[in-house]
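Visitor: Here is a sequence together with a model predicted from it:
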Amino acid sequence: TAQAVANSHVENSNITEIYEKIGEVTETAYEYFMKGNYTLSDDEGFVAALMKKNNKLLEQMGVGCEHAREITEAIYGSKISGAGKGGILVASKVTSEDVAWLKGKGYTHEVAKVS
């Protein structure tokens, strides 16, 4: 990610502002999960919204790519992660339709359920 940010064309002042906003999103998520009463079925909209917001900030930093953007726009509650440029995407929920869409586009995928 550091290399992807270094190669981006975002001014340093904007990077600082984006980092601060990412920190705010992260802090909101941390506080939310620390409450200890999280259930995906009840709260996936809130978590998905945080993931989408974080992903948009990462794109502003220049660490996304067109393929990652396509997937994050198609799969609800997904965001890029990993070493920059969207090598890994994480989703709060993946449906069988999402898996079919990924296969149809030629993307490889692994689905792991966390409970």
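Guide: Arrived safely, thanks for sending. All values reported here derive from a predicted model rather than from experimental measurement.
Visitor: Give me the most central residue, this protein.
Guide: Residue closest to the mean C-alpha point of the chain, counted by CA atoms, centre = their mean, is K79 at 1.7 Å.
Visitor: Which secondary structure element is home to that residue?
Guide: K79 belongs to strand 78-81 when elements are defined using DSSP states H and E.
Visitor: tell me what that strand is packed against?
Guide: Contact here means 3 or more CB pairs under 8 Å, 6 or more residues apart in numbering; DSSP states H and E; on that basis strand 78-81 packs against helix 40-61, helix 66-74, strand 88-91. C-beta here means a position set from N, CA and C on the backbone, and glycine is covered the same way.
Visitor: Using TSV, lay out those together with distance to I22.
Guide: Shown next, in TSV, are these (distance: least, CB to CB, whole Å):
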stretch	distance to I22
helix 40-61	5
helix 66-74	15
strand 88-91	15
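Visitor: okay, W101: pLDDT?
Guide: At W101, the predicted lDDT confidence score is 91.
Visitor: Equivalent analysis for the one 4 residues further on, please.
Guide: Reported pLDDT at K105 in the predicted model: 90.
Visitor: for it, phi and psi?
Guide: Phi and psi for K105, reported as degrees, to the nearest 10, are phi -90, psi -10.
Visitor: List the neighbouring strands of the strand holding K79 plus their orientation.
Guide: Next to strand 78-81 in the sheet, as set by DSSP bridges, lie strand 88-91 (antiparallel).
Visitor: How about the strand it pairs with, which residues are buried there?
Guide: For strand 88-91, a neighbour-count test (16 or more other CB atoms under 10 Å) marks 89, 91 as buried.
Visitor: Quick one: mean pLDDT for it?
Guide: If you average the pLDDT values across strand 88-91, you get 81.
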